[in-house]
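>>> Quick check, what structure comes out for this input:
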Amino acid sequence: MTVLVAGMFASPLLANAQTYQQIIPTDKGSIKVGVSTEPATVKPNEVSKLKIDFLTNDGTIQQHIDYTATITKDGTPVFKTIPTHTGEGKITLPVQFKDGSNDVLIEVQGIFFKPIDPAEKITFSVKTGDGGGIVSKEQPKTSEKPVEQKQTDTAKPAPKESDKNAKSNQEKPTSKSAGTVKITKEKSDKKDIKKKAVKKTIKPTKKSTQ
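Numbers count the residues shown, from 1 in each chain. Reported below is the predicted structural model:
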């Protein structure tokens, strides 16, 4: 395998204002690929060019990529590369697409001589005929919670006025209840005083002896 190192210290290559049919990130988001076909309308069973540019998140060409490319139709292999290195960060694959939708899988195994394990994946499909083209199969990432969901989780509902009143009534005893307790205690004290007075006034009588 030939490794090109002539331009490794050169300034980043721009995408030359290339118009891509799709720009798709890898499943982990380290880099993106700009993909297009030539001709734009792919005819089935005819050789077309699948052009793939590996891009940084800033939109410049990412040089020195290790990759594999696999194309299938209903699970049957149509085209496949061995693990390959591109020094320029741009590849053109001659592919004879089958009629209908052809699934494309690009696996990025290394970036600028740094291996990636497991490989980062890019998936899309190429549809032949009129109304066809490149269709991305990437699903939106859900690792980050929506802002609305985060606000809903952190915000606490304000207590209702009725709840405040109920709590206040539970903490403070009513004046009626307090007065009842006081009156009951006073009545109890008066009964005790009367009992003591009766005990003092009543004296036992002596029995007469005959």
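>>> partner residues bridging residue 23?
According to DSSP bridges, the partner residues bridging residue 23 are residue 34.
>>> Run a quick neighbour tally on it.
With neighbours defined by other Cβ atoms under 10 Å, the count for residue 23 comes to 16. Where you see a C-beta, it was placed from the backbone N, CA and C, and this is true even at glycine.
>>> wait, what's in contact with it?
32, 33, 34, 35, 55 (Cβ atoms under 8 Å, 6 or more residues apart in numbering).
>>> is it true that residue 73 touches residue 96?
No. Using Cβ atoms under 8 Å as the test, residue 73 is too far from residue 96 to be in contact (10.6 Å).
>>> So which of the two has more stuff around it?
Between residue 73 and residue 96, counting by other Cβ under 10 Å, residue 73 is the more crowded of the two (19 against 15).
>>> So that one versus residue 125, what's the distance?
When Cβ to Cβ, to the nearest Å is applied, the distance between residue 73 and residue 125 equals 10 Å.
>>> what's the answer for residue 23, then?
Taking Cβ to Cβ, one finds residue 23 at 15 Å from residue 125.
>>> And for residue 95?
Note on residue 95: its distance to residue 125, by Cβ to Cβ, is 13 Å.
>>> so what's in contact with those two at the same time?
Overlap between the neighbourhoods of residue 95 and residue 125 consists of residue 102, taking contacts as Cβ under 8 Å, 6+ apart.
>>> Tell me where the chain has strands.
22-25, 32-38, 47-55, 65-73, 76-80, 84-86, 90-96, 101-111, 114-127, 133-136 (DSSP state E).
>>> can you list the residues that contact the third one?
Spelled out, that is strand 47-55. For strand 47-55, using Cβ under 8 Å, 6+ apart, the contacting residues are 15, 18, 20, 23, 31-39, 42, 61-62, 65, 67, 69, 71, 86, 89-97, 104, 106, 108, 126.
>>> do the second one as well
If you take Cβ under 8 Å, 6+ apart as the criterion, strand 32-38 is touched by 15, 18-26, 48-57, 104, 106, 122, 124, 126, 133-134.
>>> one more time with 7 Å
Around strand 32-38, the neighbours that count as contacts under Cβ atoms under 7 Å, 6 or more residues apart in numbering are 15, 18, 20-25, 48-55, 57, 106, 122, 124, 126, 134.
>>> Put the alpha carbons of it into PDB.
The C-alpha coordinates for strand 32-38 follow below in PDB (Å, rounded to 0.1, in the frame of the first residue of the first chain):
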ATOM      1  CA  LYS A  32     -17.700  14.500   7.500                       C
ATOM      2  CA  VAL A  33     -17.900  13.400   3.900                       C
ATOM      3  CA  GLY A  34     -19.100  15.300   0.900                       C
ATOM      4  CA  VAL A  35     -20.500  12.900  -1.600                       C
ATOM      5  CA  SER A  36     -21.700  13.300  -5.200                       C
ATOM      6  CA  THR A  37     -22.200  11.200  -8.300                       C
ATOM      7  CA  GLU A  38     -21.100  11.800 -11.900                       C
END
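>>> What average pLDDT does that strand get?
Along strand 32-38, the predicted confidence averages to a pLDDT of 97.
>>> in that strand, what counts as buried?
By neighbour count, and taking 16 or more other Cβ atoms under 10 Å as the criterion, the buried residues in strand 32-38 are 32, 33, 34, 35, 36, 37.
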